[in-house]
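In: Using only what follows, build the 3D model:
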Amino acid sequence: MEQHLNFIEKVAAISNLSKTDVEILITLHEKRKLLVSEIAEHIKRSERQIRQRLHVLHGKGFLKKEIKILKNKRVAYRYSLRSITSIAVETRRDLLKKLDELDKLIVE
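Out: Residues are numbered from 1 along each chain as shown. Now for the predicted structure:
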């Protein structure tokens, strides 16, 4: 568990993630699968803010998103962490992209 938390902190630093992003990742690591409302409740943020951050984290490839139909027939999304390997691959891909951009600036 401690090793995974250390990994999350290092990825957060490399990927320039916010404190809220880190709290979301840690919460999902501990709880496995949660709805937006459940994440908001755990880390004491608004659902709107959580949705914005989940959009970013999902876009970076850190999260899986699945559809859940609630009792009232409304559609909700349940989020979970991707595997550590998958997160590492996405982080590496993002770093290589940034290094390529830096190389292009140097050439210009």
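In: per-residue confidence for M1?
Out: As predicted, M1 sits at a pLDDT of 62.
In: from now on call the first residue 67
Out: In the new count, where the first residue is 67, that last one comes out as M67.
In: Count the neighbours of the nearest residue in space to I109 that is not next to it in sequence for me.
Out: In space, and not counting its chain neighbours, I109 is closest to E89: 4.5 Å by Cβ to Cβ, 6 or more residues apart in numbering. (Glycine included, C-beta is placed from N, CA and C.) By other Cβ atoms under 10 Å, 19 other residues sit near E89.
In: what does Y145 give?
Out: Y145 has 23 nearby residues by other Cβ under 10 Å.
In: how about the helix or strand it falls within: buried residues?
Out: Using DSSP states H and E, Y145 sits within strand 141-147. Neighbour counts over strand 141-147 (16 or more other Cβ atoms under 10 Å) mark 144-145, 147 as buried.
In: Also stretch 79-87?
Out: In stretch 79-87, counting by 16+ other Cβ under 10 Å, buried: 81, 83, 86-87.
In: re earlier: secondary structure element holding the residue nearest to I109?
Out: Counting by DSSP H and E, E89 is found in helix 85-97.
In: Would you mind listing the outside residues contacting that helix?
Out: By Cβ atoms under 8 Å, 6 or more residues apart in numbering, the surrounding residues in contact with helix 85-97 are 70-71, 74-75, 77-78, 83, 100, 104-105, 108-109, 111, 115-116, 119-120, 122-123, 128-129, 145-147.
In: Please enumerate the helices of this protein.
Out: 68-81, 85-97, 102-109, 113-125, 150-173 (DSSP state H).
In: just those helices: most buried one?
Out: Among the helices of the chain, helix 85-97 has the highest mean neighbour count (mean count of other Cβ atoms under 10 Å), at a mean of 18.
In: Run the chain-centre distance for it.
Out: Computed by Cα atoms, centre = their mean, to the nearest Å, the chain-centroid distance of helix 85-97 equals 8 Å.
In: and what of stretch 165-174?
Out: With Cα atoms, centre = their mean, you get 28 Å for stretch 165-174.
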